[in-house]
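Visitor: fold the following, please.
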Amino acid sequence: MNFPRLGGDRFEVEGVFADGGGMGVLYLARDTRCANNRVLLKTTRYDAGPRARNLRYTVDEALAHIQKSRKILEWERKVLVRFRNEGLNNLPSANNWFTDKSLTLEASYEGKFGEVIIPQEILGSEPYLVLELIPGEILEDRMTKPEFRADLELHLLSIAREVLTIFIRLHREVDVGDQKGVFLYQDLKPANIIVSGDDYFTLIDFGGVTLKLGEKTTEPTAGCITMGYAAPEASGGREAYIDARFDVYTLGATLWHAVTLQDPREMGEFPVLDPRALHSSGLSQATIEILTRALAPDPSERYPSAAAMRKDVMERLRSLRSA
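Guide: Numbers count the residues shown, from 1 in each chain. So this is what the prediction gives:
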């Protein structure tokens, strides 16, 4: 595919860096106004996944879906800026923001009452979030490599340590008007973790982060989850009522995938990720017990917080490195 230049010809797109498969896509690009430095351009993906069906109903429904998707990207920018400013470094820096033609939005769709025409002003005003390029590769690719699997337990625990450190910060209470709230990452999976150098890990997709106020999570990101990695308490239309233990489960599911190489997305909407599948992996019993608790179907049997899980992970890491 030949990609156009974007941002007033400033950004030369080279190809797809990571594909969210129905919600967002990251393109690798060069910033021609800044010594051709490589950057990532994040934008909405409209042409794949179950969300694409929202474009095939009525014009009003299609436009509402487009606007909601764009609000999610704007929300992600605000979240990244907030937490980078607070010193959280294992996430990309939001360098810029511009609008241009969409690379995945079609001019028309077959709607239930005939052709749905997307107005030109919508087609040409797609927002793009410019992110720093994080060196490395996504965990989904790295976890199959022989060098990763040769020291699997150490890699898994190192990933858990870094992700849980981010979760602890996200889950800290914040004041929102006269209410208390916490941020939930909500959409952890191997495609959202970049592994760089000697086990330095970065989360690259904050588009699913939601703010939980009171009993419910907030729009526009309520329910931005990936089936297979999502905890069972979100089933039956209860996605808005999750809490911090949901993030603990998604980490367990991500690590389960990395160990077993069985893709949870191919096992149904809310599959049972059986911890017994971990026993032939060569992991220690202590690490298996950590993952088993993180994957408990009942939230009350899971780690009550990211901090509690991180404590066990750190103890196991110390034991592994002193052995």
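Visitor: where along the stretch 51-200 of the chain do the helices fall?
Guide: All helices of the stretch 51-200 of the chain, identified by DSSP state H, counting those that start in this stretch, fall at 59-85, 120-123, 139-142, 146-150, 152-170.
Visitor: and among the ones you listed, the most buried is which?
Guide: Ranked by mean neighbour count, the helices of the stretch 51-200 of the chain are led by helix 152-170 with a mean of 21 (mean count of other Cβ atoms under 10 Å). Backbone N, C-alpha and C define where each C-beta goes, glycine included.
Visitor: report the angle between it and helix 59-85.
Guide: 100 degrees (axes from the mean of the first three to the mean of the last three Cα atoms, to 10 degrees).
Visitor: any idea of the mean pLDDT in helix 152-170?
Guide: Throughout helix 152-170, pLDDT has a mean value of 95.
Visitor: which strands and helices lie in contact with that helix?
Guide: For helix 152-170, the packing partners by 3 or more Cβ pairs under 8 Å, 6 or more residues apart in numbering; DSSP states H and E come out as strand 179-184, strand 193-196, strand 200-203, helix 244-260, helix 285-294, helix 306-322.
Visitor: of the helices of the stretch 51-200 of the chain, which is nearest Ser305?
Guide: helix 152-170 (7.8 Å; Cβ to Cβ).
Visitor: wouldn't Arg10 be in contact with Thr32 here?
Guide: Yes. The criterion here is Cβ atoms under 8 Å, and Arg10 meets it with Thr32 at 5.8 Å.
Visitor: who has more neighbours, these two?
Guide: Per other Cβ atoms under 10 Å, whichever of Arg10 and Thr32 has more neighbours is Arg10, with 17 against 14.
Visitor: now do the SS call for the closest residue in space to the more buried one that isn't next to it in sequence.
Guide: Spatially, and ignoring its direct neighbours in sequence, Arg10 is nearest to Arg33 (5.2 Å; Cβ to Cβ, 6 or more residues apart in numbering). Following DSSP: H, G, I helix; E, B strand; the rest coil, we place Arg33 in the coil state.
Visitor: so who does Leu213 touch?
Guide: By Cβ atoms under 8 Å, 6 or more residues apart in numbering, the residues touching Leu213 are 176, 179-181.
Visitor: and the residues you listed, which two are furthest apart?
Guide: Once Cβ to Cβ is applied, those give Val176 and Lys180 as the farthest pair, at 7.3 Å.
Visitor: returning to what we had before: and the residue nearest to Arg10, what pLDDT?
Guide: Taking Arg33 on its own, its pLDDT is 93.
Visitor: cool, and Gly136?
Guide: Looking at Gly136, its pLDDT is 87.
Visitor: and it, how many residues sit next to it?
Guide: Neighbourhood size, Gly136 [other Cβ under 10 Å]: 17.
Visitor: check contacts around it.
Guide: 142, 194-197, 200, 202.
Visitor: let's see 6 Å
Guide: Gly136 is in contact with 194-196, counting by Cβ atoms under 6 Å, 6 or more residues apart in numbering.
Visitor: from Glu106, how far off is it?
Guide: Look at Gly136 and Glu106: by Cβ to Cβ, to the nearest Å, they are 33 Å apart.
Visitor: now, of the contacts of Gly136, which are buried?
Guide: 194-195 (16 or more other Cβ atoms under 10 Å).
Visitor: ok, the contacts of Gly136 vs Phe148, which is closest?
Guide: So of the contacts of Gly136, ranked by how close each gets to Phe148 (Cβ to Cβ), first place is Val195, at 8.0 Å.
Visitor: what residues are bridge-paired with that closest one?
Guide: Glu137, Phe201 (DSSP bridges).
Visitor: ok so, going back, CSV please, covering the helices and strands packed on helix 152-170 and showing distance to Leu63 and mean pLDDT.
Guide: Below are the helices and strands packed on helix 152-170 laid out as CSV (distance: least, Cβ to Cβ, whole Å; pLDDT from 0 to 100):
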stretch, distance to Leu63, mean pLDDT
strand 179-184, 28, 91
strand 193-196, 34, 90
strand 200-203, 31, 88
helix 244-260, 31, 97
helix 285-294, 40, 97
helix 306-322, 38, 95
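Visitor: export those to a markdown table and tack on distance to Ala231?
Guide: Below are these laid out as a markdown table (distance: least, Cβ to Cβ, whole Å):
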| stretch | distance to Ala231 |
| --- | --- |
| strand 179-184 | 11 |
| strand 193-196 | 18 |
| strand 200-203 | 18 |
| helix 244-260 | 4 |
| helix 285-294 | 10 |
| helix 306-322 | 14 |
